[in-house]
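S.K.: Dropping a prediction and its sequence here:
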Amino acid sequence: ITKCYRKHQDNTIALSQVQRQSPAMSQAPALKWVVTGNFTADGAVAYLRSDGSVTPKLAEAGLLATKQDAESLRKVALGKEAVIADPYLIEVAELPSGRDPLTARERIRSQGPTIRLRRPDPQLQTQ
């Protein structure tokens, strides 16, 4: 916030007027790693749980604190090619509202299509 003390001089910032960030605002969310890929059977999004099982929900995916831990879980997923195809690592932020993938691509993958899906045409189903 700037306040002009003299109209003929430059604007001056009064230190008492500066908004400061609270400690909670300045802390970045904790970043974690998740192993993701696609189900081999139908191509749908798949996430690996910490125990090595697979889920379609990001909320159930195993969160790993380090990239090395995530890489070792990805190697486990490579052995399950009959279930999950092309596993790779993504970074997610752990927020109070849930898990948030850091890229738009992964956010779309986790939340579903960005367009409305067309309902089946009843006339086509009766024929």
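M.R.: Noted; the coordinates are in hand.
S.K.: can you pull the contacts of residue 36?
M.R.: Each residue near residue 36 by C-beta atoms under 8 Å, 6 or more residues apart in numbering is listed here: 45-48, 61, 87-90, 106, 109. In this view, the C-beta of every residue, glycine as well, is placed from N, C-alpha and C.
S.K.: same deal with residue 51?
M.R.: residue 62.
S.K.: Helix, strand, or coil at it?
M.R.: When classified by DSSP: H, G, I helix; E, B strand; the rest coil, residue 51 comes out as coil.
S.K.: how far away is it from residue 96?
M.R.: 25 Å (C-beta to C-beta, to the nearest Å).
S.K.: Rebuild the contacts of residue 36 as CSV, extending it with pLDDT, distance to residue 39 and neighbour count.
M.R.: Converted to CSV, those look like this (pLDDT from 0 to 100; distance: C-beta to C-beta, whole Å; neighbours: other C-beta atoms under 10 Å):
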residue, pLDDT, distance to residue 39, neighbour count
45, 95, 8, 18
46, 95, 5, 25
47, 96, 10, 26
48, 95, 12, 26
61, 95, 14, 24
87, 96, 11, 22
88, 96, 14, 11
89, 96, 18, 14
90, 96, 16, 20
106, 95, 16, 18
109, 93, 12, 18
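S.K.: Can you lay out those residues as TSV showing secondary structure and distance to residue 76?
M.R.: Listed next are the contacts of residue 36 as TSV, based on DSSP: H, G, I helix; E, B strand; the rest coil; distance: C-beta to C-beta, whole Å:
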residue	secondary structure	distance to residue 76
45	strand	18
46	strand	13
47	strand	13
48	strand	7
61	coil	14
87	strand	9
88	strand	13
89	strand	13
90	strand	16
106	helix	20
109	helix	21
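S.K.: now these in TSV, with distance to residue 67?
M.R.: As requested, the contacts of residue 36 are exported to TSV (distance: C-beta to C-beta, whole Å):
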residue	distance to residue 67
45	21
46	20
47	17
48	15
61	15
87	14
88	12
89	7
90	11
106	16
109	20
